[in-house]
Structure formats: C-alpha cells, structure tokens
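**Student:** Okay, predicted coordinates and the sequence, questions at the end:
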Amino acid sequence: MKKIKALTGNGAASEIMRQVNPDVVAAYPITPSTQIMEDFSQYLADGKVDTELIRVESEHSAISACVGASHAGARVMTATSSAGLAFMWEVLGVAAGLRTPMVMNVVNRTLSSPINIHCDHSDSMGARDLGWIQIYSENANEVYINNLIAIKLAEKINLPVMICQDGFITSHCVEGVDILEDKDVKKFIGEFKPKYSLLKDNIAIGNLALPDYFYEIKMQNVIAMEKAKKEFLRIDKEVNKLLKHETGYFEEYKLKDAKVVIVALSSTCGTVKSVINELRKKGKKVGLLKLRLFRPFPKEELKRVLGNKKIIVMDRSVSLGSDAPLYIEIKNATESKDIYSIIYGLGGRNIYEKEIKYIFERALNNKLKKLEYVGVRK
Amino acid sequence: MKLKNAREIEEGTVLKEGTSKKNKTGNWKTFEPVVDFDKCIHCMKCVMYCPDICIFQKNGKRGKNDLSMCKGCGICAQVCPANAIKMVKRK
Ligand code: SF4
Ligand code: SF4
C-alpha cells in the first residue's frame, strides 16, 4: 500500500528517515539540506522517532559521530551539502575504509569561492574517489526510492552510501511523492544486524596498517565496490516491487533508436526529457541516458547501450584544469570518438529548454564543438 | 609469518582481541643480544630495563632471552654492570 504526499526533495529524505527511525543521527545542518534536519528534529520532538540525535559543532564531528555510532552497532543516517561535505572529507575516507554501513543525503550545492548556496555537483563529484557509493536522484520521488535502496545496500555490503539530489531545484520544490506505509518500510529494511559492535565484542577498529597490509585493505574496498554494483540491481528490483520506478544503473529515455544522446545526472534530466518529446515530434532521433549509479560506475553496461551513438555529456561541475568528471568517465567507458562535453549550471545558473534544444540541434547538424560552456557570458 | 591476502583479512581493519600475542615483532631487529652466563652476576638490571619484556628471572637467577619481541635496542647491554651482554649482528 502506498499513498501520495506533497513533499519537497528534502521532505522526501526526512520522511524516509522518520520511517527508518535510525538509532543515531548526528548532523550539522547546512543549506540547502537544512530542512531534512529541521523536519527530523521535529519528528523527534513530537515523539515520532526515538533516535539519539547528536547535535555537534561541525560536519567533521557529525560524520565522526556517525562512524563511531555505526561501529557501536547503530543504524545511522545523516545529511549535508557543499562546504559541509567538504569539511567531512577526511572522515569520508575513514567511513569507507572502516566499512561503515551508513546513509547520507547529500543535497548538491556548489563549493566556495565565491560563496554561493545554489546547485552544482562540485561537492559530491569531488568526493567520488573516497569509497562511497553514489546514487543521483532526478526528483523527490527518486530521493525516497534511492534512500530505500541505500539502506539495504549499505548494510549488505558494509559501505557508506550518498544519495544526491539537486539543491533547491529538487530539495525545495514540492512534488507528489509515493510513500510506503511505515510498517512496509520497517519490514523491507528489517533489523540492523551489524557484524561487530564496539560495545559488545572485544575488537579494535581503525587500526594502523603499514605497507605490508594497507594495499590489501584498499583491495577489499575495490572488491566491495564490485559486489555493490551487483547488489544495487538486486535491491533496486526489490524496491520496484513496492514502488514502481525506472530500475537499473541508468534510465534509458527514447534511447534505443536515438542517433544523438545526452548523458546527464539529476534534475536536468527532466528538462532534457521534455525537449526530447518536442524534438521527437519533428522526427529528430534524440534520446537521454540518465545515470543513477555513479559509484560504482557501470562501465560495461554503458558501453553496451551508448555504443555507436553521438554522445553529449552534460556536467554540472568543472574539473579545473582538465575535462569534467562525468565526461571523462563516459568517454573512458565507451571509448567513443563521437563524444562532446557540455559544462552548464554552475552555482545554480539555470539550464533552459531552449539551451538543450540548441545543444541537440548543433549535434544533429554536426556543429557541436568538443567542449562547450553553455549559459555563461564568456 | 605468512601475510594474508585481501580476501582473508577482516573487513575494515577490525582486529579481534589478543592480536599482540600472535604478532611477533622480534624480526624488526638488526642486532640481537647474546648473554655470557659466565660473566653474569644475576643483578637483574637487564630484566627491569628491557622495554619489550624479553628477559625473565626465575628463583633469583637471570633466565635466557626470549627474543620473539626483542627490537635489538641494546639497552640490556648498556645497563649490564658485568659487561655480560654483547650486541651481535643478525645473519
Ligand atoms: S636488546 Fe632491547 S629489546 Fe632486546 S633484550 Fe635487550 S633490552 Fe630487551
Ligand atoms: S644486567 Fe648483566 S649481570 Fe645483571 S642480570 Fe642482566 S646480564 Fe646478568
């Protein structure tokens, strides 16, 4: 049984947190993810959850408390954005290396400077190599679904998971979100059964590993990521039985017969779909690949579907001094020569249908440059 | 000691109790102490000074070295008033 609730992206995240009722939440609220923690502390005050809410003095402490609590045997969730994620940096790697099964909602916001509170993906893209699973959400519905997947996935593989959604665009816009009954969520996620608990077992974690063992422990994380990739699909299908959605590592939108395809993440995909509908009416063979799972990266699967199409990769972040992160990944996966990089939307700069139409049309007429900065006054 | 591979070790640097008993660190040393029991006057200074508890006494007599944790620091040789301990390069 499901019902529809009017929720923002943040609201969808706090709603699932209420239903999960984690043992511990430690957080230091930051724009645009603040509403998640506002809602959640209200749920606590109203007695709707019995979580131990730890109010800390910084994000570095928030994630540290989460890691500690998780290894003490608690089910742990938190949320952050931008500078908050950056301040967690050191401990993000610790969380992954210690195999911490926690879930964090990351509401994407750019990094300073200049200081800016709006959306781009430079915060989570910067954290892509730290050993966290990363799932990107197009809308509030997907935030809810991806959180469900994340809790099971994290606890199955013992890896931390980031659920990303676009700051303000998704986090602050109200949508109709399909919500499961509380008891169905409880049944789906089951009890958290940690392998060890610092409170019960005579163990030490976070030990020193010198050159004779460090590499093997990193190798374990490599193996864990491979496992996570398989598990993601399995759990995604389980969630699909409860809440119908586009399953898989990526959503293929009018992709099969498309000659030109845009690859993008998160909310921009909605805009691209609407442009595709319009162009399709005029007989233009255009499509979209919306990537959901960015870490682990579904390399072979992407190569199979993108094969010999003209590929335009849209990045909402720059890698200063090199090519953009999603572009590099897709180019590497497909080994394509017919591939183009678009940078857009930095610091919350809007991306309009007319711009996406322009990109598609230039690509169809073989006029697109290898790298274009869209929407900037150069 | 045979080193374990990635699939054999506990996930996430978890160590169970009592690992210091298994992890013999005596192979770090370059020099090792050799005792001349003819010279030893059983004063027990080396027993007390050894930072790695490699030397034991029994019934008022200095016992043999247990070098499984010895780092070859040479403190025992330094403090011995009878010059009974020599540091010898390991082969
Ligand atoms: S060399 Fe150092 S560690 Fe070894 S027995 Fe002597 S005092 Fe102890
Ligand atoms: S310090 Fe020298 S004399 Fe004293 S007990 Fe040790 S070896 Fe013997």
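**Tutor:** Everything's here; your move. Ligands and ions are numbered 1, 2, ... in the order given.
**Student:** how close does the nearest residue to residue B:72 once chain neighbours are set aside sit to ligand 1?
**Tutor:** Among residues not flanking residue B:72 along the chain, residue B:29 sits closest, at 2.9 Å (C-beta to C-beta, 6 or more residues apart in numbering or on different chains). C-beta: built from backbone N, CA, C; applies to glycine. Residue B:29 sits 7 Å away from ligand 1, taking C-beta to the nearest ligand atom, to the nearest Å as the criterion.
**Student:** got a pLDDT number for residue B:29?
**Tutor:** Residue B:29 is assigned 94 on the pLDDT scale.
**Student:** which residues touch it?
**Tutor:** Neighbour list for residue B:29: B:67, B:70-72, B:90 [criterion: C-beta atoms under 8 Å, 6 or more residues apart in numbering or on different chains].
**Student:** swap the cut-off to 7 Å and go again
**Tutor:** B:70-72, B:90 (C-beta atoms under 7 Å, 6 or more residues apart in numbering or on different chains).
**Student:** what's the answer for residue A:53, then?
**Tutor:** Neighbours of residue A:53 in contact, by C-beta under 7 Å, 6+ apart: A:25, A:41, A:44.
**Student:** what about the helices in chain B?
**Tutor:** Applying DSSP state H to chain B gives helices spanning B:19-22, B:45-49, B:75-79.
**Student:** Redo those helices as TSV? Include mean neighbour count, distance to ligand 1 and mean pLDDT.
**Tutor:** Shown next, in TSV, are the helices of chain B (neighbours: other C-beta atoms under 10 Å in any protein chain shown; distance: least, C-beta to the nearest ligand atom, whole Å; pLDDT from 0 to 100):
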stretch	mean neighbour count	distance to ligand 1	mean pLDDT
helix B:19-22	9	15	82
helix B:45-49	17	6	97
helix B:75-79	17	3	98
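**Student:** follow-up on the earlier one: and the buried ones among the contacts of residue B:29, selectable in PyMOL?
**Tutor:** Provided next is the PyMOL selection string for whichever of the contacts of residue B:29 are buried by 16 or more other C-beta atoms under 10 Å in any protein chain shown:
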select buried, chain B and resi 70+71+72
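**Student:** thinking again about what came up before, of all the helices of chain B, which one comes closest to ligand 2?
**Tutor:** helix B:45-49 (3.2 Å; C-beta to the nearest ligand atom).
**Student:** Now residue A:369: closest residue in space that isn't a chain neighbour?
**Tutor:** In space, residue A:369 is closest to residue A:340, 7.3 Å off (C-beta to C-beta, 6+ apart).
**Student:** Which SSE is immediately downstream of the helix or strand hosting the one you found?
**Tutor:** Residue A:340 is part of strand A:339-343, with elements assigned from DSSP states H and E. Once strand A:339-343 ends, the next helix or strand along the chain (criterion: DSSP H and E) is helix A:353-364.
**Student:** where does residue B:1 land on pLDDT?
**Tutor:** The model's pLDDT for residue B:1 equals 68.
**Student:** which one is the spatially most central residue of chain B nearest to, not counting chain neighbours?
**Tutor:** Computing the C-alpha centroid of chain B and ranking residues by C-alpha atoms, centre = their mean puts residue B:70 first, at 2.4 Å. Nearest residue to residue B:70 in three dimensions, chain neighbours excluded: residue B:54, at 4.4 Å (C-beta to C-beta, 6+ apart).
**Student:** if we can go back for a sec, contacts only, for the residue nearest to residue A:369.
**Tutor:** With C-beta under 7 Å, 6+ apart, residue A:340 has these contacts: A:312, A:363, A:368, A:370.
**Student:** change it to 8 Å
**Tutor:** Residue A:340 touches A:310-313, A:363, A:368-372, counting by C-beta under 8 Å, 6+ apart.
**Student:** Keep only those that also lie close to ligand 1.
**Tutor:** Among the contacts of residue A:340, not one lies near ligand 1 by C-beta under 6 Å from any ligand atom.
**Student:** For residue B:86, name its beta-bridge partners.
**Tutor:** residue B:34 (DSSP bridges).
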